[in-house]
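Asker: after the sequence you'll find the predicted model.
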Amino acid sequence: MITSKTARQFDQIERISLARGGVVRTARLLEEGVSRHTLATARESGLLLPLRRGWVATPGADAELVAAARWGVVLACVTSARRHGLWVLEEDRAHVACAPHATGARPDRATVHWARPPVPRHPDDLVDPLPNALVLAASCLPREEALVIWESAFRLRMIDATVLGRMALPPASRELLALARPFSDSGLETLFIVRLRWLPVAITPQVWLAGKPVDFLIGDRLVVQIDGSHHVGAQRARDNAHDAELMLLGYHVLRVGYAEIVEDWPAVQRRILDAVAQGLHLAR
């Protein structure tokens, strides 16, 4: 027989657990006023499932968080960045972090990070705080992939560059902090400008022309638009109309999409270089 007090505590357990993706420390539940008797009853009834010592989960809890709690790790680097809602180019496997002196078995199908984080991890954390994710990405990923994540964080105003700069950052993070800008509307735009930085022609992002912003203006007259998933239907018709206005004003417009930038960059670069070689970027 479940008493009304136990039922109220069951509701409290569900509320606390769901706020954490369904995975929670038993110490957290006890601190929130759940009794040990209620915890035991919740396990017996199937409301809570044991994961490892000190951790429980509700049925249907977030699978990544369940795995992290079972292994005693936090989701880190590119995996943490994705879960924070940042633009991630590729994640071939889960990335996790352990305390520098942690012992015991570790997941064999994950990249494990051991570096001491700039922001201390709370015992409740199963997803690394954003500054830690950025720092690990800077040292783990190819530079352009890490820069995509950093610029996404700045663009979404999820972290302040000044605050980040005051932290104890390793050299790779200092380098990205100096490079990252909040102006790219997407990771595709970050990749575009990073890959063409060597070109001895001015590349200006987010320029207003004919009443609307364009993604990039190369030189004076070559416009490059990066098409995302929104370039369909009515939006595509509006984009085409804007392209026509630009061409009537003497601009040359190139459009490239996700697959081209990510999977066929040499073809995109060749197209742009051919346009520059013909002087299509020059005002005449």
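Answerer: Yep, that arrived.
Asker: which parts of the stretch 101-250 of the chain are helices?
Answerer: 130-140, 143-155, 161-165, 171-179, 187-195, 233-248 (DSSP state H, counting those that start in this stretch).
Asker: which elements pack onto the second one?
Answerer: If I follow you right, that is helix 143-155. Contacts defined by 3 or more Cβ pairs under 8 Å, 6 or more residues apart in numbering; DSSP states H and E place helix 143-155 against helix 77-83, helix 130-140, helix 171-179, helix 187-195. All C-beta atoms are positioned from the backbone trio N, CA, C, and that covers glycine.
Asker: what sits up against that helix?
Answerer: 78, 81, 84, 86-90, 130, 133-134, 137-138, 140-141, 159, 161, 172, 175-177, 179-185, 187, 190-191, 194-195 (Cβ atoms under 8 Å, 6 or more residues apart in numbering).
Asker: do you know which of the helices of the stretch 101-250 of the chain lies nearest residue 265?
Answerer: helix 187-195 (6.4 Å; Cβ to Cβ).
Asker: could you find the closest non-adjacent residue to residue 224?
Answerer: Distance criterion Cβ to Cβ, 6 or more residues apart in numbering; nearest residue to residue 224, sequence neighbours excluded, is residue 216 at 4.3 Å.
Asker: my guess is that neighbour meets residue 201, correct?
Answerer: No: Residue 216 is beyond contact range of residue 201, at 11.0 Å (criterion: Cβ atoms under 8 Å).
Asker: that older thread, now the residue nearest to residue 224: how far from residue 239?
Answerer: 15 Å (Cβ to Cβ, to the nearest Å).
Asker: what's the local residue count around residue 64?
Answerer: 18 (other Cβ atoms under 10 Å).
Asker: thinking again about what came up before, who touches the residue nearest to residue 224 in this structure?
Answerer: 189, 192, 193, 203, 204, 205, 207, 223, 224, 225, 226.
Asker: now do residue 210
Answerer: Per Cβ under 8 Å, 6+ apart, neighbours of residue 210: 242, 245, 246, 249.
Asker: check it and give its pLDDT.
Answerer: Looking at residue 210, its pLDDT reads 90.
Asker: just the one 10 residues further on next, same as before
Answerer: In this model, residue 220 is scored at 94, pLDDT.
Asker: could you do the one 3 residues further on as well?
Answerer: In the prediction, the pLDDT value recorded for residue 223 is 96.
Asker: ok, what's across the strand from it?
Answerer: residue 217, residue 253 (DSSP bridges).
Asker: gap between it and residue 3?
Answerer: Taking Cβ to Cβ, one finds residue 223 at 70 Å from residue 3.
Asker: higher neighbour count, these two?
Answerer: Set side by side, residue 223 and residue 3 give different neighbour counts by other Cβ under 10 Å, the larger being at residue 223 (23 against 10).
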